[in-house]
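Undergrad: okay, predicted coordinates and the sequence, questions at the end:
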Amino acid sequence: MELVVILAVILFIIISTVRFKLHPVLSLTLAAVISGFLLGMDTKAVMEQMANGFGKTLSGIGLVIAFGSIIGIYLEKTGSTKVLTDTILKWVGLKRSPLAINLAGFVVSIPVFCDSGFIILSSLNKSLSKKSGIPVLFFAIALATGLYAAHVFVPPTPGPLAAAAILDAELGTVLLCGLAVAIPVSLTGYLWARFISGYIKIESNAQKEISTKQDEEKNLPTAFMAFLPLLVPLVLIALKSVVNYPSQPFGEGLFSNLVDFLGSPIIALLVGVFLAFLLGRNHTATQKQDWVTTALKQAGLIVLITGAGGAFGAILRTVDIATILNLNATSGSGGLLICFGIAAALKTAQGSSTVSIITTAAIAAPLLATFGLDSMMGKALGVLAIGAGAMTVSHINDSYFWVVSQFSNLDVKQALKGYTTATFFQGLVGILIILLMYQWL
């Protein structure tokens, strides 16, 4: 009966969000309430579990999401995303400009939502196509898949950040392993774009002209300043993980304590925020205030979805799912595949990668010990397995699918063949790398 209840509330989440367009915050909250009562909990226990789950999930990542959103908005509004892209283009060269676009999308998507990143950077696709003679479709799919890879694997993107909180994974480990998985997954998208661009033709005279405020920006920051708000927090978080290794490579002195403090996600992202403020020196105080307000509005939605997922997860943790499913033997690889499969099913059914990640993390949290994934590395790989599933596949019920297709002048058939198939291969490559890391690490 408990298993039937869990399956029923998952189906409720899918139907309510897809068919009735109910916001994920409401669908996840209702799912938590309904499952609590159906599982035999009284009203007091339901409310206590939901409150504890909501608060515990957001205690470590609420401010991180907010600060990450501010950094992303500043990069977007000050033209820094264009600077990042131009810099990578210079490093890679015009002949390999699709690879540069893929890598630029990967970098930009760490602090900027992938749909916004695509809209911002897609203005470069046509001009680069004209200069290089390379089909514009090559650029479009390379960009879309580069953005998508970081979106599901690399904190402080909200999805993996939320999953790390729900699974109690160490964020620095998730970040380092996430980069190791996301880079080859991004390149998989690039290779598919290179292959498929020879089979899909787009009418060049119908290509959408996209103009952004960045094109009119005269006072663009230097590449060094544009990279700082992005790289410094990532380096600090990664160093904190190194400092906290059991072998204590930096000892126990003042330096290790300082790195441990600065590398905590909240402080690291706060440092990034103040570095981002330096990008806005040539803009008015009113503009910058509006940017922060916009960022916090965006962050608020993600925070609420994440918290609702945490409340739902707290209810599910009261059920011994491992016993119900007779999972009594440790099988880390099997557990990673289960996490991948559940996330892929939810992603394909309802469209949102973030909702898929949060819901799957809530389901998987009580099972990690059973699968032998309750170590620091096991939890991190669990987060990444969920992320790999949550990108498999992006199709017509995903808003990002429509951003990619409309801004690339692709019809539905072309987008399914070019972009959706790319996300399928990306997801498979992602889970394969994760399984190999589990065997080796």
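TA: Structure's in. What do you need?
Undergrad: and after the host helix or strand of Met47, which helix or strand comes next?
TA: In the assignment (DSSP states H and E), Met47 maps to helix 43-77. If you walk from helix 43-77 toward the C-terminus, the next helix or strand you reach (DSSP H and E) is helix 80-92.
Undergrad: and the next helix or strand after that following helix, what does it pack against?
TA: Per DSSP H and E, the first helix or strand lying C-terminal to helix 80-92 is helix 97-108. Packed against helix 97-108 by the contact rule (3 or more C-beta pairs under 8 Å, 6 or more residues apart in numbering; DSSP states H and E) you find helix 80-92, helix 114-121, helix 123-132, helix 136-153, helix 171-196. The C-beta positions use only the backbone N, C-alpha and C, and glycine is treated the same way.
Undergrad: and for helix 97-108, what are the contacting residues?
TA: 75, 81, 84-85, 88-89, 91-93, 114, 117-118, 120-121, 124-125, 128, 131-132, 134, 138-139, 142-147, 149-150, 182-183, 186-187, 189-190, 193-194, 230 (C-beta atoms under 8 Å, 6 or more residues apart in numbering).
Undergrad: quick one: buried ones out of the residues you listed?
TA: For these, a burial check counting by 16 or more other C-beta atoms under 10 Å picks out 75, 81, 84-85, 88-89, 92, 114, 117-118, 120-121, 124-125, 128, 132, 134, 138-139, 142-147, 149-150, 182-183, 186-187, 189-190, 193-194, 230.
Undergrad: give the buried residues for the helix holding Met47.
TA: For helix 43-77, burial by neighbour count (16+ other C-beta under 10 Å) applies to 46, 49-50, 53-54, 56-58, 60-77.
Undergrad: now that helix: mean pLDDT?
TA: Across helix 43-77, pLDDT averages out at 88.
Undergrad: which other helices and strands contact that helix?
TA: With contacts defined as 3+ C-beta pairs under 8 Å, 6+ apart, the packing partners of helix 43-77 are helix 24-38, helix 80-92, helix 114-121, helix 158-166, helix 223-243, helix 265-277, helix 285-316.
Undergrad: okay, the angle between it and helix 285-316?
TA: Relative orientation of helix 43-77 versus helix 285-316 (axes from the mean of the first three to the mean of the last three C-alpha atoms, to 10 degrees): 150 degrees.
Undergrad: contacting residues around Ser122?
TA: Contacts of Ser122 by C-beta under 8 Å, 6+ apart are 140, 143, 210, 407-408.
Undergrad: buried subset of the residues you listed?
TA: Counted by 16+ other C-beta under 10 Å, these give 140, 143, 407-408 as buried.
Undergrad: measure the closest residue to Leu269 other than its chain neighbours to Pro155 for me?
TA: Leaving aside its sequence neighbours, Leu269 sits nearest to Phe67 (C-beta to C-beta, 6 or more residues apart in numbering; 3.7 Å). Between Phe67 and Pro155 the distance is 12 Å, computed by C-beta to C-beta, to the nearest Å.
Undergrad: what of Thr348?
TA: For Thr348 relative to Pro155 (C-beta to C-beta), the value is 24 Å.
Undergrad: what does Thr354 give?
TA: Separation of Thr354 from Pro155 (C-beta to C-beta): 13 Å.
Undergrad: ok, the two, which is more surrounded?
TA: Pro155 (31 against 25; other C-beta atoms under 10 Å).
Undergrad: burial measure for the closest residue to that one other than its chain neighbours, as a count.
TA: What sits nearest to Pro155 in space, not counting adjacent residues and going by C-beta to C-beta, 6+ apart, is Leu161, at 4.6 Å. Residues lying near Leu161 (other C-beta under 10 Å) number 26.
Undergrad: before we move on, what about Asp411?
TA: If we define neighbours as other C-beta under 10 Å, then Asp411 has 11 of them.
Undergrad: could you do the one 5 residues further on as well?
TA: Here the count is done by other C-beta under 10 Å, and Leu416 has 17 residues near it.
Undergrad: do Gly79 as well
TA: Neighbour number of Gly79 under other C-beta under 10 Å is 23.
Undergrad: who does the helix or strand hosting Leu436 touch, helix- and strand-wise?
TA: Assessed by DSSP H and E, Leu436 sits inside helix 421-440. The contact analysis (3+ C-beta pairs under 8 Å, 6+ apart) places helix 421-440 against helix 136-153, helix 171-196, helix 332-350, helix 376-389.
Undergrad: where does pLDDT dip in the stretch 151-300 of the chain?
TA: 202-218, 246-247 (pLDDT under 70).
Undergrad: quick revisit: next, the angle from the helix holding Leu436 to helix 332-350.
TA: Using the same axes, to 10 degrees: helix 421-440 against helix 332-350 is 160 degrees.
Undergrad: for helix 421-440, list the C-alpha coordinates in PDB.
TA: C-alpha atoms of helix 421-440 as PDB (Å, rounded to 0.1, in the frame of the first residue of the first chain):
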ATOM      1  CA  THR A 421      18.200  13.400 -29.700                       C
ATOM      2  CA  ALA A 422      21.300  15.200 -28.400                       C
ATOM      3  CA  THR A 423      19.900  15.300 -24.900                       C
ATOM      4  CA  PHE A 424      19.300  11.600 -25.100                       C
ATOM      5  CA  PHE A 425      22.900  10.900 -25.900                       C
ATOM      6  CA  GLN A 426      24.100  13.400 -23.300                       C
ATOM      7  CA  GLY A 427      22.100  11.600 -20.600                       C
ATOM      8  CA  LEU A 428      23.500   8.200 -21.500                       C
ATOM      9  CA  VAL A 429      27.100   9.500 -21.600                       C
ATOM     10  CA  GLY A 430      26.500  11.200 -18.300                       C
ATOM     11  CA  ILE A 431      25.300   8.100 -16.500                       C
ATOM     12  CA  LEU A 432      28.000   6.000 -18.100                       C
ATOM     13  CA  ILE A 433      30.700   8.300 -16.800                       C
ATOM     14  CA  ILE A 434      29.100   8.400 -13.300                       C
ATOM     15  CA  LEU A 435      29.100   4.500 -13.200                       C
ATOM     16  CA  LEU A 436      32.800   4.500 -14.200                       C
ATOM     17  CA  MET A 437      33.600   7.000 -11.500                       C
ATOM     18  CA  TYR A 438      31.800   4.900  -8.900                       C
ATOM     19  CA  GLN A 439      33.900   1.900  -9.900                       C
ATOM     20  CA  TRP A 440      37.200   3.800  -9.800                       C
END
